[in-house]
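Peer 1: predicted coordinates and the sequence they were generated for:
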Amino acid sequence: MFKDIATPIRTKEILKKYGFSFKKSLGQNFLIDPNILKRITEYAGLSKENAVIEVGPGIGALTEHLARTSGKVLAFEIDQRLLPILKDTLSPYDNVKVVHQDILKADVRELIKQELSDYKDIMVVANLPYYVTTPIILKLLGDQLPINGICVMLQKEVGDRIAASPGTKEYGSLSIAIQYFTEAETVMTVPKTVFMPQPNVDSSVIKLTKREEPLVKVKDEEFFFTVTRSSFAQRRKTLLNNLTSQLPDGKKKKDSIIQALESVDIDPTRRGETLSVKEFGKLSDVLLPLFK
Ligand code: SAM
């Protein structure tokens, strides 16, 4: 077995060897605790039959654990300075492909076709750059990629919002957008001390397991997401107030909106946070004819 990259001593050696300085703007907080990395790969449920997509390999701390426990790793790294370092640190592994691309701009579907066509089961596993956590997750889910799920480290506050249940203060349009496509659970909370440099926020690891079918069947997905976002525009307002102020010509259509809400047994004075994803599905279907 090779010496782990993710120990404080080895990480410092690598950074020194290459004169590497962290870029805060790229969310560079590297993991320096092999136990946490082992636990992340265990939670991801990997085997040699799986391929993994990693976002932001950094100096390879998580990547090498993924290489050991899965069939192949496809890693996207935006920072060119890390490429020669990764070539060196990952040289013991022949099942890693690092691509120098911004994950938000990459054609992930095409790269899966090129690099992972031998694999049926693909997981995304990463210690995400915190400045773009939500756009990355939404892109990976919204693009309908052939992946089974996502197991990632992120800022605890965002993880709590993603996995939140109705009726809690964390529950909102982000919870719905993600739970629509996946079953979401927080699998562990992580102290700041396992990173170099330490981030300002607490972290957690969440696991999102892709559903065979979205949680609710809706007539128009785009409108469903418009309705959910509108319903949480101002959390203190009632559902009716948010819908009339956010949807086009909502104020003029107030009476029809009340009727639509009542037709599916949703009290217009409720707040968005009390509605389940299924209720939002019913609501968007009855509102659809008024707006499209
Ligand atoms: N995986 C490493 C670890 O756990 O030690 C590094 C994780 S660090 C939190 C985030 C990594 O994502 C950095 O290497 C950073 O350069 C990279 N990154 C930031 N934005 C990115 C983007 N849009 N696309 C791909 N990689 C990105």
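Peer 2: Sure thing, it's come through. Numbering: from 1, shown residues only.
Peer 1: quick check: closest non-adjacent residue to L31.
Peer 2: A61 (4.7 Å; CB to CB, 6 or more residues apart in numbering). In short, each C-beta sits where N, CA and C put it, glycine included.
Peer 1: can you read off the pLDDT for the residue of the chain found nearest the ligand?
Peer 2: Per CB to the nearest ligand atom, G56 is where the chain lies closest to the ligand, at 1.9 Å. G56 is assigned a predicted lDDT (pLDDT) of 98.
Peer 1: which residue packs closest to it, ignoring adjacent ones?
Peer 2: P129 (5.3 Å).
Peer 1: from L240, how far out is that neighbour?
Peer 2: 39 Å (CB to CB, to the nearest Å).
Peer 1: same question for A233.
Peer 2: 12 Å.
Peer 1: and the strand or helix carrying T226, what other elements does it pack with?
Peer 2: Assigned by DSSP states H and E, T226 belongs to helix 221-231. Applying 3 or more CB pairs under 8 Å, 6 or more residues apart in numbering; DSSP states H and E, one finds that helix 221-231 contacts helix 173-181, helix 239-246, helix 277-291.
Peer 1: okay, the ones you listed, which one's buried deepest?
Peer 2: Greatest average neighbour count among the helices and strands packed on helix 221-231 goes to helix 173-181 (a mean of 22), per mean count of other CB atoms under 10 Å.
Peer 1: mind giving me the packing neighbours of it?
Peer 2: helix 133-142, helix 156-162, strand 203-210, helix 221-231, helix 277-291.
Peer 1: out of those, which is closest to F20?
Peer 2: strand 203-210 (21.8 Å; CB to CB).
Peer 1: what residues does the closest one touch?
Peer 2: 39-40, 43-44, 137, 141, 147-156, 159-160, 162-163, 178, 181-192, 195 (CB atoms under 8 Å, 6 or more residues apart in numbering).
Peer 1: which of the residues you listed are buried? Put it as a PyMOL command.
Peer 2: To isolate the buried ones among those in PyMOL, judged by 16 or more other CB atoms under 10 Å, type:
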select buried, resi 39+40+43+44+137+141+147+148+149+150+151+152+153+154+155+156+159+160+162+163+178+181+182+184+187+190+195
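Peer 1: domains of this structure: list them as residue ranges, please.
Peer 2: 8-210, 221-291 (automatic domain parsing).
Peer 1: run the chain-centre distance for the first one.
Peer 2: Once both centres are worked out by CA atoms, centre = their mean, to the nearest Å, domain 8-210 turns out to sit 9 Å from its chain's centre.
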